[in-house]
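Asks: dropping a prediction and its sequence here:
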Amino acid sequence: MHILSRIKVKILGLAGHVLNFPKPFSFVGPGASLSLVREIIGLGVKRVMVITDAQLFKLGIVDPHIQLLKDAQIEIDIFNEIEPDPGFELVLEGVERVKNFKPDAVIAVGGGSSIDGAKAILLSHANDCHPSKLTGVWLYSWPRKHCLPFFAIPTTAGTGAEVTIAAVVSDKAAQIKYAIIDPKTVPAMVALDPNLMLGLPPFITAPTGMDALTHAVESYLSTLATEETDELARMATASIIRNLAVAYTDGQNLEARERMAVAACMAGLAFTRVGVGYVHAIAHQLGGLYHVPHGLANAIVMPHVLEFSKPNCTHRLAELARISDIGENGATESALADAFIARIRKLNADMQIPETIKELKREDFGKIIDRAFAEAHGTYGVPRYLSREDATALLEKLLP
């Protein structure tokens, strides 16, 4: 039944092995974002556009970076209209701003939405097309032109958008989220600066951290996993398991913030090469239909998908348990896999993440399943395929 999907996934996997996906040069540590801006100034740019969201701009998070650029006599345009799950219309607004300002370089500052929005804006601008024409995997579309020089400064430890080949955009009218998957969206340089993450409220730290954990776990369970992605996913998983609760309870813990930022980046590097799975495929639909924040949807869905997938990936789940110091010595692989899933449930509970989606409606099940399967099948190397009956049973567990 799923032979064609497996073949398509295999083709994508082979392409991923052959192609050398770009890896941004990374500045890491307190003050890293200022080091990045100084490096950009050293490139001799004259006009820089900063893409961010209104809240970050209002809080003054980007003020030191803007001041550095101004001190270097660089002209600046600030596009601070980014909103959660940026839609096609917002992307087109950004394209117009780029056309009018004609920057030499673009810096995205913010969470996943700001970085994804910037990616979509730049790729649409470079190829003079509507963002809807860019959705899907670049292998299945016409050759695309390169974007303007692009740099990213994430302010949350979650999406890994600063190093991935993907950008998520929304068709607000149709209530659908789409992924633009293209290596040309990867920034040239990024900065992982824990100073920008200090004091993030727990209700942001929790879902963004679980988003990063989902990336690590789904990439490790992918049938496309490689030795390189396995190493990244293992390190990211172990670090998040150890540090997320600390960052959640003590938002000023600089060490935990830095470790989470690095772990989210490693998870991003892993999944951008081997993809994700059903957790994301379902979470994207919950975001598109009900505007459930992406990390929150991932956190709620993940234990259920792992329970379903376990028969086909018990060994891999057990390995994640061992490297994260979860489970008892001498326990069977099945028991270790169960312990790992139980730890994820406990993390959710300790961070007050709900077990259900309050907006979910049974009458939407068919739409959610159709769209999730369209996204996952032939794209993601899932260890075990859901049937419609399986997917329905899973969604039943998410009903309030």
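Replies: Looks like it arrived, so ask away.

Asks: residue 177 bridge partners, please.
Replies: residue 170 (DSSP bridges).

Asks: who are the neighbours in contact with it?
Replies: By Cβ atoms under 8 Å, 6 or more residues apart in numbering, the contact set of residue 177 is 85, 168-171, 284-285, 287-288. Using the backbone N, CA and C atoms, a C-beta is placed for each residue, glycine as well.

Asks: checking residue 168 next. Helix, strand or coil?
Replies: Here residue 168 is recorded as strand under DSSP: H, G, I helix; E, B strand; the rest coil.

Asks: follow-up on the earlier one: export the contacts of residue 177 to a markdown table and tack on neighbour count?
Replies: Formatted as a markdown table, the contacts of residue 177 follow (neighbours: other Cβ atoms under 10 Å):
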| residue | neighbour count |
| --- | --- |
| 85 | 20 |
| 168 | 26 |
| 169 | 27 |
| 170 | 26 |
| 171 | 16 |
| 284 | 27 |
| 285 | 25 |
| 287 | 23 |
| 288 | 22 |
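
Asks: out of those, which is nearest to residue 249?
Replies: Closest to residue 249 out of these is residue 287 (26.8 Å), distances taken as Cβ to Cβ.

Asks: which helices and strands sit right next to the helix or strand hosting that closest one?
Replies: In this assignment (DSSP states H and E), residue 287 forms part of helix 278-290. Helix 278-290 sits against strand 166-171, strand 176-181, helix 202-221, helix 294-323, helix 365-376, helix 388-398, with contacts defined as 3 or more Cβ pairs under 8 Å, 6 or more residues apart in numbering; DSSP states H and E.

Asks: now it: average pLDDT?
Replies: Computed over helix 278-290, the mean pLDDT rounds to 96.

Asks: stretch 115-135 too?
Replies: 95.

Asks: how about stretch 293-302?
Replies: In the prediction, stretch 293-302 has an average pLDDT of 97.

Asks: kindly format the C-alpha coordinates of it as PDB.
Replies: Output in PDB follows, covering the C-alpha atoms of stretch 293-302 (Å, rounded to 0.1, in the frame of the first residue of the first chain):
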ATOM      1  CA  PRO A 293       1.200  27.000  18.400                       C
ATOM      2  CA  HIS A 294       3.500  24.600  16.600                       C
ATOM      3  CA  GLY A 295       5.700  23.600  19.500                       C
ATOM      4  CA  LEU A 296       2.600  23.000  21.700                       C
ATOM      5  CA  ALA A 297       1.000  20.800  19.100                       C
ATOM      6  CA  ASN A 298       4.200  18.800  18.700                       C
ATOM      7  CA  ALA A 299       4.400  18.300  22.400                       C
ATOM      8  CA  ILE A 300       0.900  17.000  22.700                       C
ATOM      9  CA  VAL A 301       1.000  14.800  19.700                       C
ATOM     10  CA  MET A 302       4.500  13.300  20.100                       C
END
